[in-house]
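>>> Below are the sequence and a predicted model; questions follow.
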Amino acid sequence: MGKLVDDVVTQAEHASVKYVAKDFASDQEVRWCPGCGDYSILAQMQRIMPDMNIPREKIVFVSGIGCSSRFPYYMNTYGIHSIHGRATAIASGLKMARPDLMVWVITGDGDGLSIGGNHMIHLMRRNVDLNVVMFNNQIYGLTKGQYSPTSEFGKVTKSTPQGSIDYPFNPAALALGSSCAFVARTLDREPKHLQYVLKRAAEFKGTSYVEVYQNCNVFNDGAFFQFTEKETKDDSVVYLEHGKPLVFGKNKDKGIKLDGFSPVVVSLTDGMHSINDLLIHNEKDSTLAFIMANMTYNAALPRPVGIFQAIERPTYDGEMSKQIDATISKRGRGSLDKLFASGDTWMIQ
Amino acid sequence: MGKLVDDVVTQAEHASVKYVAKDFASDQEVRWCPGCGDYSILAQMQRIMPDMNIPREKIVFVSGIGCSSRFPYYMNTYGIHSIHGRATAIASGLKMARPDLMVWVITGDGDGLSIGGNHMIHLMRRNVDLNVVMFNNQIYGLTKGQYSPTSEFGKVTKSTPQGSIDYPFNPAALALGSSCAFVARTLDREPKHLQYVLKRAAEFKGTSYVEVYQNCNVFNDGAFFQFTEKETKDDSVVYLEHGKPLVFGKNKDKGIKLDGFSPVVVSLTDGMHSINDLLIHNEKDSTLAFIMANMTYNAALPRPVGIFQAIERPTYDGEMSKQIDATISKRGRGSLDKLFASGDTWMIQ
Amino acid sequence: MSVETKTLDEVTIRFAGDSGDGMQITGSQFTSTSAVMGNDLSTLPDYPAEIRAPQGTLGGVSGFQIHFGSTAINTPGDMCDVLVAMNAAALKVNLRGLVDGGVIIVNTDGFNDKNLRSAGYDESPLSNGSLSKYQVFPVDISKLTELALADMNLSSKVVDRTKNFFALGMMYWMFNRQVENTVEWLKMKFAKKPEIVESNIRVLKAGWNYAETVDIFTVRYDVKPAKLKAGRYRNLTGNSAVALGLVAAAEKAKLDLFLGSYPITPASEILHDLSGYKNFGVKTFQAEDEIAAIASAIGASFGGALAVTTTSGPGLALKTEAVGLAVMTELPLVIVNVQRGGPSTGLPTKTEQADLLQALYGRNGESPVPVLAASTPSDCFYMAFEAARIALKYMTPVFLLTDGYLGNGSEPWLVPTEAELPDISKPFRTNPENFQPYERDDETFAREWAIPGTPGLEHRIGGLEKKNKAGSISYDPENHDLMIRIRAEKVERIANDIPLAKVDGDESGDLLVIGWGGTYGAIRTAVEKRRADGKSVSHLHLKYINPMPKNIGEILPKFKKILVPEINLGQLIKVLREKFLVDAIGYNVVAGLPFKSTEIEQKIEELLGGL
Amino acid sequence: MSVETKTLDEVTIRFAGDSGDGMQITGSQFTSTSAVMGNDLSTLPDYPAEIRAPQGTLGGVSGFQIHFGSTAINTPGDMCDVLVAMNAAALKVNLRGLVDGGVIIVNTDGFNDKNLRSAGYDESPLSNGSLSKYQVFPVDISKLTELALADMNLSSKVVDRTKNFFALGMMYWMFNRQVENTVEWLKMKFAKKPEIVESNIRVLKAGWNYAETVDIFTVRYDVKPAKLKAGRYRNLTGNSAVALGLVAAAEKAKLDLFLGSYPITPASEILHDLSGYKNFGVKTFQAEDEIAAIASAIGASFGGALAVTTTSGPGLALKTEAVGLAVMTELPLVIVNVQRGGPSTGLPTKTEQADLLQALYGRNGESPVPVLAASTPSDCFYMAFEAARIALKYMTPVFLLTDGYLGNGSEPWLVPTEAELPDISKPFRTNPENFQPYERDDETFAREWAIPGTPGLEHRIGGLEKKNKAGSISYDPENHDLMIRIRAEKVERIANDIPLAKVDGDESGDLLVIGWGGTYGAIRTAVEKRRADGKSVSHLHLKYINPMPKNIGEILPKFKKILVPEINLGQLIKVLREKFLVDAIGYNVVAGLPFKSTEIEQKIEELLGGL
Ligand SMILES: Cc1ncc(C[n+]2csc(CCOP(=O)(O)OP(=O)(O)O)c2C)c(N)n1
Ligand SMILES: Cc1ncc(C[n+]2csc(CCOP(=O)(O)OP(=O)(O)O)c2C)c(N)n1
Ligand code: SF4
Ligand code: SF4
Ligand SMILES: [Mg+2]
Ligand SMILES: [Mg+2]
């Protein structure tokens, strides 16, 4: 990584790795609206960090622009609050230059899927070892309430007074279509699940993509209440768990089975179906992952939440380092004098 | 469309619609390398045009930058040879402003999937009624041979002397993940199939996306020979036909069936399987389409070619016009005087 | 206690509170009522970049300043005469903008320990004598609001959100305004929420009554209507004015308006406004980013729409490559840039004038584009119309620069009639005979506009160099040099088609102050004051920066000194120095705020002193 | 027939043929052999934008010009003395660049009817007397090549591809060059294709022998070695020089080089070259677009790499928003722009100098960035090194401008040693005590570089305005004005750290010609020639444009007139006029070609005549 960087990295006496959550809170005042779902995501992130066993100085959070993108300021780690849509590209460069770091990308549905969509899909196919957390509040928060690429069709906002005519992205399907290695969804109001998914993403080697349903109580309040509030959530959400059948409902009395390629809801109490008929989730099956992802906007089905897919493959940053190491071990570290004098040269006396 | 535009459009005496292919050849000299696959795509396009029954002046070709993007110059229609990656966005604006036109987008694997990836996926989710033809030669032709987002892993090019470490996009899967309504693949060297797919794309209302495997004989010669040359093609390609079983092979002696969610090749002659065991293609099933698309880079399977999916839904441009028409028919065409004097006003004498 | 009524020519008041306190609405209501009462006025909203910064903090203070009077009002006021402070932070942030002896009305409930701490006060400024040079009126607005609504059974959140109307009521009383205008607005705005209407009206009146009844205020002020030109008026922000100007231009050009835009502060309101004008056939497209926004507009322009894209600085940076395409394809396009504090993300909600050089030069290659700049909120209407006129007539992209101050600020607008506006329509080319896409009008150098759908005019355009007249691709060296010069000449020729610059004040003298954009009011006020004091100073405000009016070169030598105040480090001055080789002097403050006219007065004095 | 040998000081020859005829290789080989023989030289490749334009057409002609001599050679030559034309189109396109009485060697096989038609000739110029003022040598090169390879059983395509080496062989004979150098190159280059090696060597020698044996040439030329500074030399293009300069800078800074780039003509070769330097730890990332390219470099810079992004005009337009981020975050970054013909896609393979204003001003807000410009292909090495030095020392993005002519052109480069290059390393901040991310060095105003992995220095940076020293977000008006000035001052201070400008020629006089970038050779040659004629003219070439050397203001007044030749409509001249209020005169030709020194000589004469 360059002699000077190596010196810093190897000489660093890394802080004791016994942290508690509040070691990850920076001295900056948190400036989201009271009640914003972002607070929970921040809290869960700070909570899982001590378990990572990584010195604080080896962690970097990179974000774009949006309410969500304020996140890095609040983490007592290194951080970049960059420009709109470019966090994935900046983080990719950072990780290539510094594979020794743990790099997180924090983005929103506008930042990551609207202006930043291209860098996102290219990151996914390349499989740079980053952890991306996409705060999906289905709205542009920071610019005060225009619809976003995940807003539902027909959404009335400041820029769509008669309702939006855009079909929303299904972020999980887009990620799978882009060959993203790790694709997950979780919710701001399910702290335990959020922690679990963040941890799994952190541990996964390769691009991990975590969509978090996040309530924007100012411009899109209640967008996900069906999936987060007591009255409705049990019947509206199905949790994907590797190797387990897809059961849901307040009394675990419903399940998902396949009819052709189409998932359908079946009752486990009407005597027609048993748990053995149900689809078993498998994080390693990318077709299944796509079927699950496609359940997303189907009103007849519960919303799938959890880890859609987790299939490791070599990372881009890893392959890059490998080519360099192999070259140096084969040809030796380059010498400038040799390089300058390579090719056709001649002497003038 | 504005009074002046309406005047032009309604007063136009549209050219007789009995065209032949060469009516669509412009007076510009075609400047691709001799042997380039682009010639065939141009020829097939000119051949299907007369069947469209659309006056030449109502057709527009919009392209970005790349060898492929020279295409519009050679069509005797309206055209824009724009800037790198932006053809989809330019064409979207054109189609919104002028829903009466038939608008084609011509792009390459670099233009459409590298720099232009974001506009592409947003076009697909919005479903603007455009026909996109993506010339996939798995290389940057115009800039003389760097790898592209569809080049195979390990590809040695000018910019990757030790082989590329990027996983390629699977264009069909990306399109499906972006909810593209019509997704197809065809080959420069199969003129009939190419014509068929172009026609289907043209007739489809909504975003049609056609990936064409195109040989760049200068920088990536033979990239698709396995799928186009006599010796290998029959065993290496499976044609997707709606309602038909997936049969392939020189003697139509092989087929594809599903094992779980995984397609596998079976022999139709070893007595173990018959045609009834095979997967039946269905253009209306998006899960099946994804399974087919995922066969793409699987060396154990033939390459799927044809129409993966064709599912119509309301178009963006259509919905836009609808909102405007509805507003005008409800509130009447706006009057400037009323508009100026709306809100709180007061008189000064 | 008797209440005296004083008549004032002009007053500046500022409402300040937490982001959630509704100060923007309060300010707008006061503005609209004052406008209806016939005052001339100018306003300046000022809010933080966070949606809701933490309650009670300095960073979370939102303010709205209005300057109104019976005389001509050109700026939102340098210093305010009256400050309404809803909490301690609001007081702290705004105190230095209050004139000595000014009036402060505070909501005492906003000065509890927590508030004081958040604002960084060690002790309450209300009780430690630190405000002795002001007239302080402490009122427990929160409590009084609660009381006014006691029987309505509202949540405390709703009650709290209503307290701004108590303050508004008090101010209406103090400045002798009627509440009717606001009452009507409430009824319309919340037609579907009668409770909100009811509670706000109650509290508004409670505030008025409180001021009328309780013996705290000893003076009441009267600000007579201004002697404005007769006609119908409407209060208008610069952003709304741009939207109206564009719709008007489309109508007068007999074209449909197409807007491709991506939201960005402080330009988003133009998108919002235009998306509401569907009955004019206006099509608005919220694109995935700024590049798609301008690209879609270029496509629409090719199709025969009046195409527009709107943005602010960082967004403009992204559009530059596509602007070059519009230059090369010679398609009409209006690009509105509502400037904000930079560089990079900078200060998104603050005003600045630092994108002029970007507009002039921020593209690869020789890529000339006309640049216009609006000078006041209502001028935004006319300059938007003018930008469209030039774009269509000359087949060129045109920049219109406004800024956060103009965009959010407002002033009374003398409502024009459709008939007063010129017809700017121009027929499309339809005759196929001898058609060459890049043949030009002899006078304007504009090429003709031939749109798809026209039989016999099928042609292709693009970003590669064009062969003169034919428009096909040409790599010929001489042709390239020729085309580069033709494109430059086309833009230069616009100078024949714009008004000559007019100096405000004498046509020669000791000092000429040259400004552009939103500094108009401040410079105008400063120059007039100094002239009133007998100083030899004049004002020239540039609305056309590229090309410039043809007479600039004649005007400049008539003054001994030239001062160029800009909210940047000196951008217009670069152009003036380069073009006219004059040793103009810059006055530059880049603090995210509009100039105060007194700052400019001082600078004028400084320069004239040295003559 | 006897063959005379003439000794020449300098010659310019041009190889021209169809895109597929291998003219670039032929030219490079002649260059490399001439270089090894000790000539000073300068080259200019010139090829169409299409990969393979239709065979035989004017648009498909590819050329390579080399100017070599025993004297100092500064340009690739205004006019050529010898033209090798492989077909009719090549003759037609290049004839006007040939001196009267010049030598033409034509491949007669390239003048069949089809060729003539494609080139737009009604009759063959070889037989209608139209070439009478030249010395024409018609040779059926195709046929002779075929014959030479008759027994090798090669496909006609392969044979056809070899004919350029026949032409090369003839030229080697004519200019008394040995074939060995090319023979060696063939053996190395096609090590795995012995047939290719064999066939090309045969044809090369056949060409040489043909010229030696057959009585067509009556003169042979001798061009003696130049008196170059002693040392090891290597022929180097500007693009390769940039790549080497960056690797050298990384080594001398003890950092790894990171390149984020997206292919674009004519800059792609820098990416290609750097991707081959993995043994230096160089990481190259071919991004999905220019925005990702620069963004990845910014990320790498934050991580402690020497970060670079390379592009050409349209790509630079896309990077501007991110450049603003680098300005605000004050991270080191080298941005190389190999300028090409604009605007928009323009003339991708042609040279131009029209991105200077974009580099200086093309960003939102006040966003100062140092701008350097290389003047010759080998100067690209030193200026790339210098750009890196400044970026690291001042913690700032730095622009390095080169152009298509410099990037593709080549000249002999006196190979330096590693030891001669200065150490430019600077320790990272590691001490956590009193660390503030935006605290600055008193002298340079640079902030310190603290990289992830350093315990105790955890901090966050970003695009919003920074609080002075602390680096946290600040919306404070005074702080914004202060920071805007600090960033500007930091860039200004670089002027203390760069060489003073040196005038070539007298330090005062009638005329000073000021240039920048790739026009160096043409201006230098022109000025020297006029000086040799006794004219009072000097030359100043600017390699640092922002900031400028501190003594420019002293130099300018010493000359009566100032001439600024640029391949644009006048960009540097704008800066000079604005900064120094001098009435400099521009000379501008924007034809996608480098200046001819004679054009500049003429302009000098014109101005001096008028004195
Ligand atoms: C280049 C650019 N374009 C536009 C903006 C304005 N902008 C800032 S944040 C944002 C969208 C934010 O939406 P999202 O990413 O969903 O974040 P949220 O605020 O909802 O968390 C926009 C359009 C900008 N800052 N920069
Ligand atoms: C903004 C910008 N960046 C880069 C380029 C250079 N460029 C032109 S075409 C191209 C890639 C072409 O690849 P592809 O789209 O696959 O087209 P092909 O030539 O293979 O048909 C690139 C990188 C450009 N013209 N503009
Ligand atoms: S606007 Fe919405 S997303 Fe942004 S901070 Fe407020 S509640 Fe959260
Ligand atoms: S470079 Fe390749 S893609 Fe381009 S024209 Fe030649 S053969 Fe076709
Ligand atoms: Mg959002
Ligand atoms: Mg390609």
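It's in. Ligands and ions are numbered 1, 2, ... in the order given.

>>> Distance of the most centrally placed residue in chain C relative to ligand 6?
Nearest residue to the geometric centre of chain C (C-alpha atoms, centre = their mean): C:Leu406, 1.2 Å. Per C-beta to the ion, to the nearest Å, C:Leu406 is found 46 Å from ligand 6. The C-beta positions use only the backbone N, C-alpha and C, and glycine is treated the same way.

>>> wait, is that residue part of a helix?
Yes: according to DSSP: H, G, I helix; E, B strand; the rest coil, C:Leu406 belongs to a helix.

>>> residues in contact with it?
C:238, C:338, C:351, C:374-377, C:380, C:517-518 (C-beta atoms under 8 Å, 6 or more residues apart in numbering or on different chains).

>>> repeat for A:Asp109
Contacts of A:Asp109 by C-beta under 8 Å, 6+ apart are A:134-139, A:148-150, A:171.

>>> re the thing from before, quick check, nearest of the contacts of C:Leu406 to chain A?
Lowest distance from chain A to these (C-beta to the nearest C-beta) belongs to C:Val338, with 12.8 Å.

>>> Setting the sequence-adjacent residues aside, check what's closest to the closest one.
Leaving aside its chain neighbours, C:Val338 sits nearest to C:Ala267 (3.9 Å; criterion: C-beta to C-beta, 6 or more residues apart in numbering or on different chains).

>>> Near the one you found, how many other residues are there?
For C:Ala267, the count of nearby residues is 28 (other C-beta atoms under 10 Å in any protein chain shown).

>>> One more: C:Glu386?
Based on other C-beta under 10 Å, the number of other residues close to C:Glu386 is 24.

>>> Up against ligand 1, what does the stretch 101-250 of chain A have?
Residues of the stretch 101-250 of chain A lying close to ligand 1 by C-beta under 6 Å from any ligand atom are A:108-111, A:135, A:137, A:139-143, A:148.

>>> Tell me the most packed of these, by neighbour count.
Ranked by neighbours (other C-beta under 10 Å), those are led by A:Gly110, which has 36 neighbours.

>>> do you know how far A:Trp32 is from ligand 6?
Taken as C-beta to the ion, the span from A:Trp32 to ligand 6 is 44 Å.

>>> secondary structure element for that residue?
Counting by DSSP states H and E, no helix or strand carries A:Trp32.

>>> and it, how many residues sit next to it?
With other C-beta under 10 Å as criterion, A:Trp32 counts 24.

>>> Give me the sheet partners of whichever strand or helix holds A:Arg185 and which way each runs.
Taking DSSP H and E as the definition, one finds A:Arg185 inside strand A:182-187. Within its sheet, strand A:182-187 is paired with strand A:208-213 (parallel), strand A:303-310 (antiparallel), according to DSSP bridges.

>>> With respect to B:Lys199, which of the ones you listed lies nearest?
If you check each of the strands paired with strand A:182-187 against B:Lys199 by C-beta to C-beta, strand A:303-310 wins as the nearest, at 36.4 Å.

>>> Give the next helix or strand downstream of the closest one.
Per DSSP H and E, the helix or strand that comes after strand A:303-310 is helix A:316-331.

>>> what about chain C, any weak spots by pLDDT?
Applying pLDDT under 70 to chain C picks out residues C:1, C:610-611.

>>> ok, back up a step: how about the contacts of A:Asp109 in TSV, adding pLDDT, secondary structure and distance to C:Asn588?
Shown next, in TSV, are the contacts of A:Asp109 (pLDDT from 0 to 100; DSSP: H, G, I helix; E, B strand; the rest coil; distance: C-beta to C-beta, whole Å):
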residue	pLDDT	secondary structure	distance to C:Asn588
A:Met134	98	strand	41
A:Phe135	98	strand	39
A:Asn136	98	strand	43
A:Asn137	98	coil	40
A:Gln138	98	coil	43
A:Ile139	98	coil	39
A:Ser148	98	coil	38
A:Pro149	98	coil	41
A:Thr150	98	coil	43
A:Pro171	98	helix	46
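
>>> could you redo these as JSON lines and give each row distance to ligand 3?
Formatted as JSON lines, these follow (distance: C-beta to the nearest ligand atom, whole Å):
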{"residue": "A:Met134", "distance to ligand 3": "13"}
{"residue": "A:Phe135", "distance to ligand 3": "8"}
{"residue": "A:Asn136", "distance to ligand 3": "11"}
{"residue": "A:Asn137", "distance to ligand 3": "5"}
{"residue": "A:Gln138", "distance to ligand 3": "10"}
{"residue": "A:Ile139", "distance to ligand 3": "7"}
{"residue": "A:Ser148", "distance to ligand 3": "11"}
{"residue": "A:Pro149", "distance to ligand 3": "16"}
{"residue": "A:Thr150", "distance to ligand 3": "13"}
{"residue": "A:Pro171", "distance to ligand 3": "17"}
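
>>> how about the residues of the stretch 151-300 of chain A that lie near chain B?
Proximity of the stretch 151-300 of chain A to chain B, by C-beta under 8 Å from any C-beta of the partner chain, involves residues A:162-163, A:165-170, A:173-179, A:260-262, A:285-288, A:290-291, A:294.

>>> Which neighbouring elements make contact with the helix or strand encompassing C:Gln602?
Using DSSP H and E, C:Gln602 sits within helix C:597-609. Counting contacts by 3 or more C-beta pairs under 8 Å, 6 or more residues apart in numbering or on different chains; DSSP states H and E, helix C:597-609 packs against strand C:509-516, helix C:520-532, strand C:559-566, strand C:585-588.
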